[in-house]
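**Student:** Build me a structure from this.
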Amino acid sequence: MTRTVARGIGCGIGGAALSVFAGSAAADYQWNLAPGATRVSQSVYDLHNIMMWIILAIFAGVFAVVSYSVYAHRKSKGHRAAQFHENTTVEMIWTVIPFFILMLMAWPATTTLLSMRDSSNPDITVKVTGYQWKWGYDYLKGEGEGISFISALSTPHDQIYGKAPKGENYLVEVDNRLVVPVGKKIRILTTANDVIHSWYVPELGVKQDANPGFVRDASFRADREGVYRGQCAELCGKDHGFMPVVVEVVSAEKYAAWVAVQRARMAAAADDPNKKWELAELKARGEKVYAQNCLACHQANGQGVKGVFAALDGSKIVNGPKEAQIALVLGGKAGTAMASFKQLSDTEIAAVITYTRNSWGNKTGEAVQPAEIKAQRK
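**Tutor:** As a prediction, this is how the structure comes out:
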């Protein structure tokens, strides 16, 4: 995917149109689909081209016949409209010809769809969970088994809402990429924690919905190394446009090194479940958790968005019994945009709750411990 096409995911038709007139930038613009980095995506690309030529031929034929009929049989020449009711020959022609055209189109389409649905015998299986608005990745099978992390938009807040210059990968970069080895079959299992999402990476030929309570699967095998960008392709809420997918395909050696680094980080980040944290420690960590998970809705000042997202500053729940706030964070609130955040660790939840209860105008002076979160988990 070229830089212009990648940006088009976030910027839409307007950005694409502007690039046509952007001088040298037009060199990066492409009218057709990207051929992709997998056999499936190449098949999709070829299928698209075949269908476009068939459609163009049908359009040209129909337009030519209609144009000739309008010109040659116009009323000024004395022609009268012909009647074809119950004409067996005509009925056969306009039934048989479309049938064969559809059969011609169905063969490559069916072949491509079957190849897209084949997720058997994978080398690596990754569970992909959609959250509002980020992705969770859990390596379930193959090298890297046991690795888990959250992947969220890394575009700075000032670039999105402020006047800071836009970066090269504006709105299509994440803090943690999904890393896979080249030439290996990767099975993707998709589900969601809150609403329907869709994991979509065009150049890998993968688009699979992620539905709460269900598990769907897809697969891909990248033929070359590179960074491939996509987006949630389902309207999943206010920040739908801030939910990119970034897959980095690397060599087997680099992948093995990445796995080693990830396991070392997970071991280092593992919290002692028996540790009793100080208020200042929890606030410092909670601020980071809040910035990654809560800031988009509740805002940096804790005021939320009136009529859409509740304010935390001065909230009765935040300033009330901590058990109620813990229950809300763990279970979410039905009928609202407040989803469950039980995917976070006990320490992370304890930290962010402590942060909200002791920030802005909230001064409870309470430190919520990880053990309290663990006790309320269902």
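
**Student:** where does this protein have low pLDDT?
**Tutor:** Filtered on pLDDT under 70, the chain yields the residue ranges 1-30, 378.

**Student:** which residues of it fall in strands?
**Tutor:** Applying DSSP state E to the chain gives strands spanning 124-131, 134-141, 148-151, 178-181, 186-192, 197-201, 206-210, 216-220, 226-232, 244-250.

**Student:** Ala267 is nearest to which of the ones you listed?
**Tutor:** Ala267 sits nearest to strand 148-151 of all the strands of the chain, at 12.7 Å, using CB to CB. C-beta: built from backbone N, CA, C; applies to glycine.

**Student:** follow-up on the earlier one: out of the strands of the chain, deepest packed?
**Tutor:** Ranked by mean neighbour count under mean count of other CB atoms under 10 Å, these are led by strand 197-201, which reaches a mean of 25.

**Student:** Just the residues contacting that strand, thanks.
**Tutor:** When contacts are defined by CB atoms under 8 Å, 6 or more residues apart in numbering, strand 197-201 is touched by residues 128, 130, 135, 188, 190, 206-210, 218, 220, 228-234, 236, 243, 245, 247.

**Student:** Chain neighbours aside, what residue packs nearest to Leu312?
**Tutor:** Gly302 (4.3 Å; CB to CB, 6 or more residues apart in numbering).

**Student:** Let me see the contact set for that neighbour.
**Tutor:** Ala311, Leu312, Asp313, Thr356, Ser359, Trp360, Asn362.

**Student:** And those, which two are furthest apart?
**Tutor:** Top of the distance list for these (CB to CB): Ala311 and Ser359, 12.3 Å.

**Student:** If you count residues, where's the longest helix of the protein?
**Tutor:** helix 39-72 (DSSP state H).

**Student:** Which elements pack onto it?
**Tutor:** Counting contacts by 3 or more CB pairs under 8 Å, 6 or more residues apart in numbering; DSSP states H and E, helix 39-72 packs against helix 88-117.

**Student:** What are the buried residues along the helix it packs on?
**Tutor:** Buried residues in helix 88-117, defined by neighbour count with 16 or more other CB atoms under 10 Å: Thr112, Met116.

**Student:** Same question for stretch 281-297.
**Tutor:** Neighbour-count burial for stretch 281-297, counted by 16+ other CB under 10 Å, picks out Leu282, Lys283, Arg285, Gly286, Glu287, Val289, Tyr290, Gln292, Asn293, Cys294, Ala296, Cys297.

**Student:** Equivalent analysis for stretch 294-311, please.
**Tutor:** In terms of neighbour count (16+ other CB under 10 Å), stretch 294-311 has its buried residues at Cys294, Ala296, Cys297, His298, Gln299, Gly302, Gly304, Phe309, Ala310, Ala311.

**Student:** Of those residues, which belong to helices?
**Tutor:** Ala296, Cys297, His298.

**Student:** on that earlier part again, what is the most widely separated pair among the buried residues of stretch 294-311?
**Tutor:** Longest span within the buried residues of stretch 294-311, CB to CB: Ala296 and Ala311, 14.4 Å.

**Student:** and the longest helix of the chain, how far out from the chain's middle?
**Tutor:** 32 Å (CA atoms, centre = their mean, to the nearest Å).

**Student:** list the buried ones in stretch 148-164?
**Tutor:** Neighbour-count burial for stretch 148-164 [16+ other CB under 10 Å]: Phe149, Ile150, Ser151, Ala152, Leu153, Ser154, Thr155, Ile160.

**Student:** Leu47: which of those is nearest?
**Tutor:** Distance ranking of the buried residues of stretch 148-164 against Leu47, using CB to CB, places Ser151 first at 30.0 Å.

**Student:** Please tell me how far that closest one sits from Glu91.
**Tutor:** According to CB to CB, to the nearest Å, Ser151 stands 57 Å off from Glu91.
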